[in-house]
Structures are given as C-alpha cells and as structure tokens.
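> Sequence isn't available, so here's the structure alone:
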C-alpha cells in the first residue's frame, strides 16, 4: 500500500490487531519478522536487509535483538483490510523488561520455538509473561525446513508444558517463508481487537521512546480511546506538562507521518520535548484540560548487577553524562548515579538487569557516541543489619561498616531455571554446587532434556557463570532467572595492603570460605602489574587484622660496588650496608604508585 493511500480512519478497533513475537534467544524472531513484512508488502524485496528491525550496530554485530521494535502492516483477509502492528522483542534474559513493556501494547503474542532446539528457559519465561497479561498466545514451531528438525518432539513439549492443543500449533520457516500466510491468518482470527472507543476522550500509553538527533524525543504510543491529531495539545499525566503534537504517524516500517491516530492503533509521536527525562515510559497521555484515569504504569525494573562506568579521558565526563542520559531514555531499565573513585576519577555507578545488558550498554556508548569508557567489575547490592537495629544497603566495599557493629549480612539470591541435555546434568550440578547453589527441583522435559531449578547467590552469577555454563554444556544449556529475595550469608570484607597501607579501590566483599583462594589469586595478579620500585613492596590480602596472603616485589638495585676493583671485601660490604639502610628509610617514607592497569587487572576479574 502506498503511504499516501492509507486512511487510518477506516480501521476501527475491530480491524486492528496488535501482537508481538516472543521466543528464546536465536529462535528466529527477527528473520520471521522480515518475512511477515515482505509478505504484506511493507518492505519491498528490493531493500533486502536481513533482520530489518535490528537497527542498532551492536544488534547486527552480535546477531541479537536488544531493543523491541514495532512496524505496521496491512493485510487483506476475506475481503476486509486489517491493520496489524507487529512488535519484535529481544530473546535474552537480560532484556525481559523490554519484552514485558512491549506486551502491554498488545492483545496477542506469537510464541516461537525452534524445531531443532525445542522449548528453552526463556521460552518458558516469556510464555508466563504473556500468560500473566491474559494475551492470546499462538504457538509456532520455526525452522521446520532444517534437516535435523524434530517437529513431533517439540509439539509434545509444547503440549506437556503449556497445554497447547496440537491442532493449534503452526509450522513455519522464517528463512524460506513456509507458513507465513497461516501466521497472519491466525493472528487475525485468534487475536481479539483492542478494546477502545473512538468517541471517548483521548487516553494513550507511552510504552517506548528514543532520542533522534534531528527530531528530539520520539515516543511510541498505543491509543486506548479517542483520537490524536496533529496540532492537538496533549498532557503527560506523571509530569503534568503539556505539549503540542508536531508530528505523528505509524512505523511503516520507518516513520510515516499521518494526520491522526485512532483508538486501538499504535504509532509514534513527536512533540519537541527538550529533555530526555520528560518521556517517562509507562506514562499516560491525554488531551490538555481533559484528564483521564492513568494506566497503572510498568513495574520499575530492578537492577541486578552494578558497575562503574568512567571516561578514559577525564575531560570527556560531560560528554559521557549526555550520552548516558540519551541512552537511558532508550533503555529505561538502567539506573544511574554519579560517583567518584580514588583510582578512576569522576564517573557513574550504573545498575543493569544482567551482564549482557551491561556489555551492550557499554558497547552502545562506544559505537553511537564515540566515547572510550572503562567499566569496573560488576557487583551486587548487600543489605547489612547493624547491632543498633538499622539496616544499610551497600554495593561498594569501601562503605563496609566496622565488623564489630554488624549483626547480619544478607546477599541477593536468584532462582535460576536451567534447561540442559541429560548427558550434561552432572557437570551443570557440579558448577552450581561450586557457586554455593541449592537445588530446588530436577525434572525431565523428555528423555533427552532436563529442567534444573537452583537457588543461587547473585554475586556468584554476576561474573562468568553464564559463560561457564555454556562451555561445559557445549552451548546447549539455557538459563533464565528471577529474584528470590535476600538470604543471610557469611560474607567478609577483604582488604589489599601495599606496604601496610590499605588501597580502598582494591577491596572486595567475599564469602568466608573463598577468602583464602581469592586473596592468593589477587595478590599474585597484582604482583605482575605493579611496577618495581626502588624499595621492596609487600602486597598483602587481609581480613581485619589477619593477613591471609602475601607477595613481595623485590627492589630495583643500583650496582653500588661497580667502582670497587679488588681490595678487601669489607669495602664492598660497607657500601651494601649503606644501601640497605637507605632502602629501609625509603620504604618508610616512599609511597607506591599504583598504575591504572593494576586497577583494571583486578576489575576485569
């Protein structure tokens, strides 16, 4: 359809379908979206961009979806033209906040399962996200054209786990285009239209926003009731600020301007907002002076992993501040506060939903804003109950209170669901036990695959758990997790001393059983990166006043006896003793310069 021929007025809520595609990572969502967009003529065969909706550079490089993207399609069935709004969502566990937000704007979801891999951890998590919001779920088995596809097994898994009827399960292939027509037909026939009344006053949900260099803040909105026209004055309920609608329209598949949007439709909106804080995701939009009951909004995302982000060049701090503001508009699940570090200067402390989330955020800062940044090792938030009865939250070891005042230390826990082939169960259980895990459940999906549920400390997962899980299971295990509150733990603060002086930036919070090994490892690594001084340097790991590990860096020595030819040995001994005394004196007054590489060696674990 040509954009100029589109008349949105014809599409009342009964002719609109809003649906998203949800699946585990790598099950082919973005490829299926390409075929749907091509089949409905939204993108022509000429602009052959694989994964058309993955617009970020980091998404294309890694082959993952990070940002939910929407596109509108027009499709004719039984002589009626329908407007379909499709939202492609991320599959990785770290971006489940994006998924839950996108589902708020939908009435149905296509649950995609890979015919070769079957149901995986994130498939289950996304199914329950959609199920909790009472969406109509259409099960689709993708990649049926592959030689190793096992459709019958996957059908059994869908039936056993989610109670789907076999005749409701569709077969498709995003690569070759098999079953695309069936999916479109099923969406129109099974998914209900949005409940909305065009005659009521305007009420719309702002469910996504991003920053455009030329147009400012762009908001994605889903209209529940009423009509929004160009030139209207609208108000955002949370901030109670009014704006004029400068441009609005549908994503077809890029921004296509329209004179108005009507009840039930999803589109974009540009109002000339000046700052990024104004477009709060989850806000309710209504006409100025005509307030409506606001939507309940989204549950704010809870950060699981904290890391510091610092500019490599201190002068770039302001640029980094601006870039982070624009990115947090795009990704509302990142929490940011300013911090100063002894070692790295001014920077930010950011909270993320997971490790991949942190990596992607850092990569986007580097790619989209040309900044070079250092990120510190991820840490988590501890709760400490003091003998005085008050509870304090701590994420930085340097804020750790005096051990004599502490009654209980609590650390965050998670419930991890791991789906793994049966022959790898032993090694996965061993990994979880090593990470202080507690087994909650072990059940079998089929003869070949099992579901393990473990209670694990978040701190143990925050570094390299996911990578290790993938390597011991040859890449077949899948992980999904949710918070499980705080539990008591035997945690202690480990200090690093250089010549007896503690270095704040290098201290860490660690489990008592692990302290000795971690301390030994840390001092050995530091010994390699701290340059030799003119005096001996002692590197020690200490818990309170007890030293648990030590390494020494020997002094650089000048050859003081070079000018002594022959003669008695006492001449040389006299010079060596003099040098020894000098070194002693130097050690008392000399301070050790710790290079930035040393901090990075520690921070990068």
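Yep, that arrived. Just so we're clear, the structure is a prediction, and the values are computed from it rather than from any experiment. Numbers count the residues shown, from 1 in each chain.
> Mind jotting down where the strands sit in the stretch 251-400 of the chain?
Using DSSP state E, counting those that start in this stretch, the strands assigned to the stretch 251-400 of the chain run over residues 255-257, 260-262, 266-270, 284-287, 305-311, 335-341, 345-352, 373-375, 382-386, 391-394.
> out of those strands, deepest packed?
When the strands of the stretch 251-400 of the chain are scored by mean count of other CB atoms under 10 Å, the highest mean neighbour count falls to strand 266-270 (a mean of 25). All C-beta spots, glycine's among them, are computed from the backbone N, C-alpha and C.
> List the pairing partners of that one within its sheet, with orientation.
If you go by DSSP bridges, strand 266-270 pairs up with strand 216-225 (antiparallel), strand 247-251 (antiparallel).
> if we look at that strand, which residues are touching it?
By CB atoms under 8 Å, 6 or more residues apart in numbering, the surrounding residues in contact with strand 266-270 are 18, 70, 72, 85, 105, 215-223, 228, 245-251, 255, 258, 261, 285.
> Any of those buried? List them.
18, 70, 72, 85, 105, 216-223, 228, 245, 248-251, 255, 258, 261, 285 (16 or more other CB atoms under 10 Å).
> in the sheet, who's paired with residue 488?
Counting by DSSP bridges, the residues bridging with residue 488 are residue 410.
> Now do the strands in the stretch 401-550 of the chain.
According to DSSP E, counting those that start in this stretch, the strands that the stretch 401-550 of the chain contains are 406-421, 438-444, 449-457, 478-488, 491-498, 501-502, 508-511, 537-543, 546-553.
> between the first one and strand 382-386, what angle do the directions make?
Right, strand 406-421. If you take axes from the mean of the first three to the mean of the last three CA atoms, to 10 degrees, strand 406-421 sits at 150 degrees to strand 382-386.
> quick revisit: nearest to residue 430, out of the strands paired with strand 266-270?
strand 216-225 (45.3 Å; CB to CB).
> and after that closest one, which helix or strand comes next?
Next in sequence after strand 216-225, counting helices and strands by DSSP states H and E, comes strand 227-229.
> Could you list the low-pLDDT ranges of the stretch 351-500 of the chain?
463 (pLDDT under 70).
> ok, residue 263 touching residue 224?
Yes: counting by CB atoms under 8 Å, residue 263 touches residue 224, with 6.7 Å between them.
> overlap in contacts of those two?
194, 196.
> Run a quick neighbour tally on the nearest residue to residue 441 once chain neighbours are set aside.
Leaving out its chain neighbours, the residue that sits closest to residue 441 by CB to CB, 6 or more residues apart in numbering is residue 453, at 3.9 Å. Using other CB atoms under 10 Å, residue 453 is surrounded by 15 other residues.
> Same question for residue 573.
When neighbours are counted by other CB under 10 Å, residue 573 comes out with 11.
> Residue 333 touches residue 301, doesn't it?
Yes: the criterion here is CB under 8 Å, and residue 333 meets it with residue 301 at 3.6 Å.
> what do those two both touch?
97, 353.
> ok so, going back, what's the closest of the strands paired with strand 266-270 to residue 575?
Of all the strands paired with strand 266-270, strand 216-225 comes closest under CB to CB, at 73.2 Å.
> Now do the same for the closest one: mean pLDDT, whole number.
For strand 216-225, mean pLDDT is 86.
> And stretch 24-39, by the same measure?
According to the model, stretch 24-39 has a mean pLDDT of 84.
> got the angle for the longest helix seen in the chain vs strand 537-543?
Identified as the longest helix of the chain according to DSSP state H is helix 569-589. In terms of direction (the same axes, to 10 degrees), helix 569-589 departs from strand 537-543 by 40 degrees.
> of the strands paired with strand 266-270, which approaches residue 506 most closely?
strand 216-225 (41.1 Å).
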